[in-house]
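S.K.: mind looking at a prediction? Sequence and model below.
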Amino acid sequence: MARYKFVDMSPRLLPVDLEAQLVPGTFAHAVHHLVDALDLSAFDAHYRNDDNGAPAHAPPMLLKAVLLAYSQGIVSSRAIERACRDNVLFIAITGDAKPHFTTVADFVSRSRDAIASVFAQVLTVLGKEGLIGREMFAIDGVKLPSNASKHRSGTRAEFLAQAEKLERVARQMLDRHHGNDVAVRDESTDKVTARIERMTREATQIHAWLKAHPLDRKGSQDKPRKSNRTDNESAKLATDKGVIQGYCGVAVVDAAHQIIVEASAHGTGSEQELLLPVIDACAGQRHASTLITADAGYHSEANLVALAERGVDALIADNQMRQRDERFADQAKHTSKPDALYDKSGKPEKRSVFGAADFVVANDQSYAICPAGKKLHRNGGHCTMGDYTAVKFRAPESACRDCPLRSKCLRKPDKTKYRQVALLTRKATATHTQTMRTRIDSALGRQQYGRRFATVEPVFGNIRHNKRLNRFTLRGRHKVDGQWKLFALVHNIEKWAKLRKVA
């Protein structure tokens with residue numbers, strides 16, 4: 001029988017050149033050499049051990065470890081600590097430093113401003129090497145859950161009502177508990193007592209939070225926004241997977257090589273209010289001729305006016321753009337169909353009712369006469385409906401209540417109290433929205449806007465799928481913004497490493 005040498009896989013001391021493990025052309029090699037070439041003095045502000053105290057782990061080493069971990073989808077600080085102990089690549093890039101997970105977590109959470117400085121320096125390096133074209137920037141965002149519970153969201157009034165309910169239920173349970181014979185204590189008695197204590201403790205926490213936060217959060221146009229007792233800077237965000245509690249990570253991506261030139265996290269789901277701050281933030285990276293593109297979520301008349309005042313060349317789609325584009329005429333066939341086994345009855349057809357042509361409008365447009373001969377009164381001045389202005393009329397509720405033509409005039413006669421009708425009069429005065437529609441519907445506009453999807457969506461695919469960022473692990477916008485910039489850094493350095501390898 002053949003004999004072989006024994007392969008011993010047990011740990012042992014081996015003479016290993018750590019730097020030789022960082023193979024040229026890899027992400028680890030690029031991070032190692034790029035970080036060493038940057039000015040990282042911004043991290044020094046945290047340390048106060050010049051004369052006293054033990055030496056701290058070097059920020060370049062910690063930054064390299066975190067960037068390498070994020071590039072491999074490792075986000076947990078405990079997992080990063082294990083990798084620095086067991087993974088040869090991490091041992092090489094950290095010089096076998098073995099940082100504790102608390103050191104890693106503290107470094108990520110406190111270093112947002114220093115990370116922003118590193119992000120800007122990396123952009124400078126990429127710009128000098130000609131990797132930022134500045135011909136077109138595409139803006140988009142991704143909504144991700146944060147380290148917060150959406151069940152702890154609400155207004156101050158809702159929190160107060162919740163605390164009062166907990167106290168009321170706790171009192172009722174306590175009275176019922178005292179009313180029973182408690183001479184013999186059993187397991188159920190202990191459970192009731194623990195539940196009463198838990199509800200009382202939570203009510204106390206709510207009152208303490210309300211005392212520390214005397215005002216509701218304010219959103220755009222001073223509208224109230226729900227607070228969150230876990231992370232008050234996060235927000236409830238509507239996604240295609242349901243409502244989450246988290247942040248919206250926004251990225252501005254250059255079309256030349258998909259470099260992220262601006263990355264920021266925001267605790268709001270309203271993309272309209274994010275457009276102008278994001279454009280102002282990337283002002284140092286774009287030229288006067290740089291074209292800005294964004295989808296319909298960022299569209300509003302106010303935003304278009306502000307862009308025109310700033311002299312920013314932009315293509316911002318509206319929510320009717322695809323309906324006007326013949327290339328998307330058959331897009332409905334790609335939408336998800338309802339379950340065929342769930343309901344086979346089909347949708348009921350809409351009943352035909354009297355239209356605007358069936359109403360007679362007075363010459364001075366002060367009133368209108370319905371098919372039943374009742375008078376509809378003028379309801380306000382001219383309003384805008386699409387590209388037209390219109391005059392609205394409304395019937396008195398008493399005129400429609402017992403009308404014999406009610407079923408032919410109202411689509412929902414059992415719910416609707418009165419009939420309203422609008423008369424289109426003339427084409428509205430041109431607005432920035434209509435000007436943008438005309439431009440984006442042109443052949444050149446469609447060609448330019450068509451590049452947006454291929455520019456920005458692969459970036460989010462890389463960060464979310466390849467780097468496995470499915471949630472933010474920190475609390476507070478300042479910390480989450482730093483973590484989002486770290487992932488943007490990983491993407492940019494990865495691009496730099498690959499493009500230098502090709503060159």
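M.R.: Here it is on my side, so go on. Residues are numbered from 1 along each chain as shown.

S.K.: ok, Arg171 - contacts?
M.R.: Going by Cβ atoms under 8 Å, 6 or more residues apart in numbering, Arg171 touches no other residue. All C-beta atoms are positioned from the backbone trio N, CA, C, and that covers glycine.

S.K.: any idea which element it lies in?
M.R.: helix 156-179 (DSSP states H and E).

S.K.: need the next SSE after that helix, C-terminal direction.
M.R.: helix 187-212.

S.K.: chain center to whichever strand or helix holds Ala138, what's the gap?
M.R.: Per DSSP H and E: Ala138 is located in strand 136-145. In terms of Cα atoms, centre = their mean, to the nearest Å, the centre of strand 136-145 is found 8 Å from the chain centre.

S.K.: then stretch 88-107?
M.R.: With Cα atoms, centre = their mean, you get 30 Å for stretch 88-107.

S.K.: what's that stretch in contact with?
M.R.: The contact list for stretch 88-107 (Cβ under 8 Å, 6+ apart) reads 16, 18-19, 21-22, 28, 31-32, 57-59, 61-66, 68-69, 77-78, 80-81, 83-85.

S.K.: any idea how far apart the tips of that stretch sit?
M.R.: Distance across stretch 88-107, first residue to last, is 22 Å (Cα to Cα, to the nearest Å).

S.K.: return the set of buried residues in it.
M.R.: Leu89, Phe90, Ile91, Ala92, Ile93, Thr94, Pro99, Thr103, Val104, Ala105, Phe107 (16 or more other Cβ atoms under 10 Å).

S.K.: list the contacts of the residue nearest to Asp358 when sequence neighbours are not counted.
M.R.: Distance criterion Cβ to Cβ, 6 or more residues apart in numbering; nearest residue to Asp358, sequence neighbours excluded, is Pro371 at 5.2 Å. Pro371 makes contacts with Phe354, Asp358, Phe359, Leu405, Lys408, Cys409, as judged by Cβ under 8 Å, 6+ apart.

S.K.: most neighbours, which of the residues you listed?
M.R.: Among those, the one with the most neighbours (other Cβ atoms under 10 Å) is Cys409, at 23 neighbours.

S.K.: state the pLDDT value of it.
M.R.: Cys409 is assigned 91 on the pLDDT scale.

S.K.: now do it against Leu424, distance only.
M.R.: Per Cβ to Cβ, to the nearest Å, Cys409 is found 19 Å from Leu424.

S.K.: same check on Arg452?
M.R.: Arg452 sits 33 Å away from Leu424, going by Cβ to Cβ.

S.K.: higher neighbour count, these two?
M.R.: Set Arg452 next to Leu424 and count neighbours by other Cβ under 10 Å: Arg452 wins out with 23 against 13.

S.K.: so how far is Ala138 from the more buried one?
M.R.: Counting by Cβ to Cβ - Arg452 and Ala138 are separated by 5 Å.

S.K.: again with Arg110
M.R.: 32 Å.

S.K.: which of those two has more neighbours?
M.R.: Neighbour count, other Cβ under 10 Å: between Arg110 and Ala138, Ala138 has more, with 25 against 16.

S.K.: please name the bridge partners of the more buried one.
M.R.: Val253, Thr293 (DSSP bridges).

S.K.: isn't it up against Val456?
M.R.: Yes - with contact defined as Cβ atoms under 8 Å, Ala138 counts as touching Val456 (4.0 Å).

S.K.: quick check: neighbours shared by those two?
M.R.: With Cβ under 8 Å, 6+ apart, Ala138 and Val456 have common neighbours Val253.

S.K.: so which pair among the buried residues of stretch 88-107 is furthest apart in space?
M.R.: Greatest spacing in those, by Cβ to Cβ: Ala92 and Ala105 (22.4 Å).

S.K.: all helices for the stretch 351-500 of the chain, in order.
M.R.: 397-401, 406-409, 432-440, 443-461, 477-502 (DSSP state H, counting those that start in this stretch).

S.K.: just how off-centre is the shortest one within its chain?
M.R.: Translated: helix 406-409. Per Cα atoms, centre = their mean, the centroid offset for helix 406-409 relative to its chain is 45 Å.

S.K.: do the same with the third one
M.R.: When distances are taken as Cα atoms, centre = their mean, helix 432-440 is centred 26 Å away from the chain's centroid.

S.K.: got a list of contacts for that helix?
M.R.: Counting by Cβ under 8 Å, 6+ apart, residues outside helix 432-440 touching it are 299, 301, 304-305, 308, 315-318, 320-321, 324, 387, 428, 445-446, 449.

S.K.: pull out the buried members of those residues.
M.R.: His299, Leu304, Leu315, Ile316, Ala317, Asp318, Met321, Ala428, Gly445, Tyr449.

S.K.: got the contact list for Ala390?
M.R.: By Cβ under 8 Å, 6+ apart, the contact list for Ala390 reads His382, Cys383, Thr384, Ala422, Leu423, Leu424, Thr425.

S.K.: having no further points to raise, I will conclude here.
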